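In: Model the structure of this input:
(2 chains)
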Amino acid sequence: DTGVSQDPRHKITKRGQNVTFRCDPISEHNRLYWYRQTLGQGPEFLTYFQNEAQLEKSRLLSDRFSAERPKGSFSTLEIQRTEQGDSAMYLCASSLEGGGYTFGSGTRLTVV
Amino acid sequence: AQSVSQHNHHVILSEAASLELGCNYSYGGTVNLFWYVQYPGQHLQLLLKYFSGDPLVKGIKGFEAEFIKSKFSFNLRKPSVQWSDTAEYFCAVTSRGKSNYQLIWGAGTKLIIKP
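Out: Take a look at the predicted model:
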C-alpha cells in the first residue's frame, strides 16, 4: 500500500495517560499534516511539516499536544495527560507543495 | 479569516436523482478548492480539485464541480446518484498565499441515497 498509513487505528486510554500516534506519509510527499476530526465537523488543522521542519504549530490545541518529524519521513503526534475532550479521530495527510492532500485512515482516540 | 459554508447538513435523495451540494467560501484572494468524500467507516478521499483554468472540474465517480468566482462558490454536482454515493461530503479551501498549507473545511454534508 503506497498511501498514508496511520498507527494505531484505534486507541482507548485512561484519562491522564499519554498517547502517541504514528503517521507514515507517501514517500515522495514533502508536506505532512495533522488534523483532528470530531463527529459532525470537518477536520480541524493542528500542525504541519515541510520535510523535517515544523512550520506551523500555533494551532495545536494546547501545550499537551506535540508533534515531531525527525527525519522528514514519518511523524508522531503525542498527547500528554489526556482528557475526555481529546476523544476524536486524528488524521494525518501528506502532499506535495500546493497539491491535494492524501489522507490516512486516521487514529480514533477514546479517552475513558 | 477564511471560512467555508456548506448549506445542507443532510441530504436524502432517491437513486437516479440529480445532486447538487452547495459550497461557499469567504476569502478575498486566490484560492484552491477541493471536494472530499468520506464513505462510512473509511478515510477521506479526494473527489476533485480546482487550481486554475476551466472552472468546470470533473472528478472521480461522475462528480463535477463548478467554480463561480463572482459568487465565491464551488458547488458539487452529479447528474444521477447511486446508492453507493451515500457518504459525507466536505468542501475545503486553501489560499494560494503564505498560508497555503492549511485547508479550511466546511462542516460537511451527509448524503443518504435511498435504494
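In: Over the host helix or strand of residue B:12, what's the mean pLDDT, rounded is fine.
Out: Using DSSP states H and E, residue B:12 maps to strand B:10-14. Averaged over strand B:10-14, pLDDT sits at 96.
In: following that strand, which helix or strand shows up next?
Out: Downstream of strand B:10-14 (by DSSP H and E), the next one is strand B:19-21.
In: average model confidence for that following strand?
Out: The pLDDT scores in strand B:19-21 average 97.
In: C-terminal to it, what's the next element?
Out: Beyond strand B:19-21 toward the C-terminal end (DSSP H and E), the next one is strand B:23-26.
In: Output the contacting helices and strands for that next one.
Out: If contacts are counted by 3 or more Cβ pairs under 8 Å, 6 or more residues apart in numbering or on different chains; DSSP states H and E, strand B:23-26 sits against strand B:3-6, strand B:31-38, strand B:73-78, strand B:87-95. Backbone N, C-alpha and C define where each C-beta goes, glycine included.
In: what's in contact with it?
Out: By Cβ atoms under 8 Å, 6 or more residues apart in numbering or on different chains, the surrounding residues in contact with strand B:23-26 are B:2-7, B:31, B:33, B:35, B:71-76, B:91, B:93, B:104, B:106.
In: out of everything not next to it in sequence, what's closest to residue A:3?
Out: residue A:102 (6.2 Å; Cβ to Cβ, 6 or more residues apart in numbering or on different chains).
In: Please list all residues in contact with the closest residue to chain B within chain A.
Out: In chain A, the residue that lies nearest chain B is residue A:42 (3.0 Å; Cβ to the nearest Cβ). Residue A:42 makes contact with B:4, B:90, B:92, B:105-108, according to Cβ under 8 Å, 6+ apart.
In: Could you list the buried residues of the helix or strand hosting residue A:67?
Out: Here residue A:67, judged by DSSP H and E, is contained in strand A:65-68. Neighbour counts over strand A:65-68 (16 or more other Cβ atoms under 10 Å in any protein chain shown) mark A:65, A:67 as buried.
In: Same check on stretch B:106-115?
Out: B:106, B:108-109, B:111, B:113.
In: How far does that stretch stretch from one end to the other?
Out: 27 Å (Cα to Cα, to the nearest Å).
In: Return the per-residue confidence for residue 44.
Out: No chain specified, so I'll use chain A. Looking at residue A:44, the pLDDT reads 89.
In: oops, chain B please
Out: So residue B:44 comes in at 87 (pLDDT).
In: need the contact list for the nearest residue to it once chain neighbours are set aside.
Out: Of all residues not flanking residue B:44 in the chain, residue A:103 sits nearest, at 4.2 Å (Cβ to Cβ, 6+ apart). For residue A:103, the contact set (Cβ under 8 Å, 6+ apart) comprises A:4, A:91-93, B:36, B:43-45.
In: got the contacts of residue A:42 as a markdown table, with distance to chain A and pLDDT columns?
Out: Compiled in a markdown table, those are given as follows (distance: Cβ to the nearest Cβ, whole Å; pLDDT from 0 to 100):
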| residue | distance to chain A | pLDDT |
| --- | --- | --- |
| B:4 | 8 | 94 |
| B:90 | 5 | 95 |
| B:92 | 7 | 93 |
| B:105 | 3 | 90 |
| B:106 | 6 | 92 |
| B:107 | 6 | 90 |
| B:108 | 5 | 93 |
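In: what are the pairing partners of the helix-or-strand element of chain B with minimal mean pLDDT, and which direction each?
Out: Between all helices and strands in chain B, the lowest mean by mean pLDDT, DSSP states H and E belongs to strand B:104-105, at a mean of 89. Its sheet considered, strand B:104-105 pairs with strand B:87-95 (antiparallel) by DSSP bridges.
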